[in-house]
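>>> Give the three-dimensional model of this entry:
(4 chains)
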Number of protein chains: 2
Amino acid sequence: MKDEHFLKNIFSSAHLNENEQELIISKFRQVNFSKNDYLLDEGKTENHYWFIESGFARSYVVDISGNDITTNFYAVGDIVIDWTSFFLRNSTRESIQALTDCKCWQLDFDTFQQLFHSIQSFREQGRTTLVNSYFSLKNQSVSMIADKAKERYKRLIKEKPHIVQNISLKHIATYLGVTDTSLSRIRKEISEE
Amino acid sequence: MKDEHFLKNIFSSAHLNENEQELIISKFRQVNFSKNDYLLDEGKTENHYWFIESGFARSYVVDISGNDITTNFYAVGDIVIDWTSFFLRNSTRESIQALTDCKCWQLDFDTFQQLFHSIQSFREQGRTTLVNSYFSLKNQSVSMIADKAKERYKRLIKEKPHIVQNISLKHIATYLGVTDTSLSRIRKEISEE
DNA sequence: AATAAAACTTGTCATAAGGCAAGAAAAGCT
DNA sequence: AGCTTTTCTTGCCTTATGACAAGTTTTATT
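Below is the predicted model:
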């Protein structure tokens, strides 16, 4: 595994034969971002997506009052994509920013379409990835209603410890739907338990 | 429009030729549900989805404390589907229940797969439908963080007046993430504005 | 190393929303 | 029509979380 191409781990489905796998991987281009670079800017239509080989990123929206709300975090192995902008071809409301230096593998829309319509397993995998994103979002959404802030934070610690360890409190706070002040207190309470 | 098959409105994309459209529509089966019938039961793997020609339905999950939380409403023209269960082939956490008598058009997974892999425009449309659902869910999710309950309710009135007019307060309340008591008060405040 | 800028913590007080319970109103049933 | 059940409203009090502000710690920059 060690010396293999990073993307071989991503496209390792048993249904992809070796030729297909190589074809797919050959279409990706390595792109590196520096800390604070924008992968995606609010207002633009996104024409690419990426897989992260190393680093962290986050997406966020700015609400009417000007508050920045983190909508998602991205880490090693994750797909970084604004599904809506990429597939509906409309301008995005979100921005995606590198939180550390990031090594990414990029694919553009036209190439995606070509692969999607010509390789059955590629589209199955693409669909699965999208449905998985839908699933995470739904869980988060239900949790916002059903759980107290403290429980949401505890769940995050459990499910995404690498996020809690590497991302600043204020970004985690908006992601969880609380203020940084409240999250700081929650942290303290947990440490006292 | 009047005497045409309901599904012709759904599959009216310019990219579908007449043969394809007819083929697709011929695969759907009409199924009627009575008020309170379950389209989908928690714990089962969903093998179908539906388009609603008439009536209302809602999906919900039951949280740890036993509270029922509405996750979505379905009305005329909407697709009724548990994306996760249908595509990942796993058992669902949600239930979907008819809130009134419903006239629906049903498709099963295997037939869907056949159409998905053989008709390019069908899969484009399917992908678009899924991305649209993702988009709605994201908006709702951000709104839960950025907006007060009153604003969320006002937005619902504006965007889905038919839901507000036809669904009971308690279901709308859990959908908006507030108690029925609070929503009742919000309603009063709005009526006094 | 010195300084500046972020990130985080903590205190005090304000507010949105919840819990519970009692009634009123509406809908469903025999 | 009369009774029952569900839905909705309202009052009183509690609780989780927010707003603001001051201080501390950590990280970045020259």
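>>> In chain A, mark out all the strands, start to finish.
A:29-33, A:38-40, A:48-54, A:57-62, A:68-74, A:79-80, A:95-98, A:102-108 (DSSP state E).
>>> is it true that A:Tyr153 touches A:Ile190?
Yes: contact criterion C-beta atoms under 8 Å: A:Tyr153 and A:Ile190 qualify, at 7.4 Å. All C-beta atoms are positioned from the backbone trio N, CA, C, and that covers glycine.
>>> These two - which one has more neighbours?
Neighbour tally, A:Tyr153 and A:Ile190, criterion other C-beta atoms under 10 Å in any protein chain shown: the higher count belongs to A:Tyr153, 23 against 12.
>>> where does chain A have low pLDDT?
Residue ranges of chain A with pLDDT under 70: A:1-3.
>>> Write out the residues of it neighbouring chain B.
Selection of chain A residues close to chain B by C-beta under 8 Å from any C-beta of the partner chain yields A:61, A:63-65, A:67, A:69, A:71, A:83-84, A:87-88, A:116-117, A:120, A:123, A:127-128, A:130-135, A:137-138, A:140-142, A:144-147, A:174, A:177.
>>> Got a PyMOL select line for the buried ones in those?
Of the residues of chain A next to chain B, the buried ones can be selected in PyMOL as follows, counting by 16 or more other C-beta atoms under 10 Å in any protein chain shown:
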select buried, chain A and resi 61+69+71+83+84+87+88+116+123+127+130+131+133+134+135+137+138+140+141+142+144+145+146+147+174+177
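>>> Show me the residues of chain A next to chain B that map onto helices.
Per DSSP state H, helices hold the following members of these: A:83-84, A:87-88, A:116-117, A:120, A:123, A:127-128, A:130-135, A:137-138, A:140-142, A:144-146, A:174.
>>> Skipping adjacent residues, who's closest to the one residue sitting closest to the centre of chain A in space?
Nearest to the mean C-alpha position of chain A, by C-alpha atoms, centre = their mean, lies A:Tyr74 at 3.7 Å. Excluding its sequence neighbours, the residue lying closest to A:Tyr74 (C-beta to C-beta, 6 or more residues apart in numbering or on different chains) is A:Ala57, at 4.3 Å.
>>> Pairing partners for that neighbour in the sheet, please.
A:Tyr74, A:Ala98 (DSSP bridges).
>>> Please tell me I have it right and it contacts A:Val80.
Yes: look at A:Ala57 against A:Val80 with C-beta under 8 Å: they come within range, at 5.9 Å.
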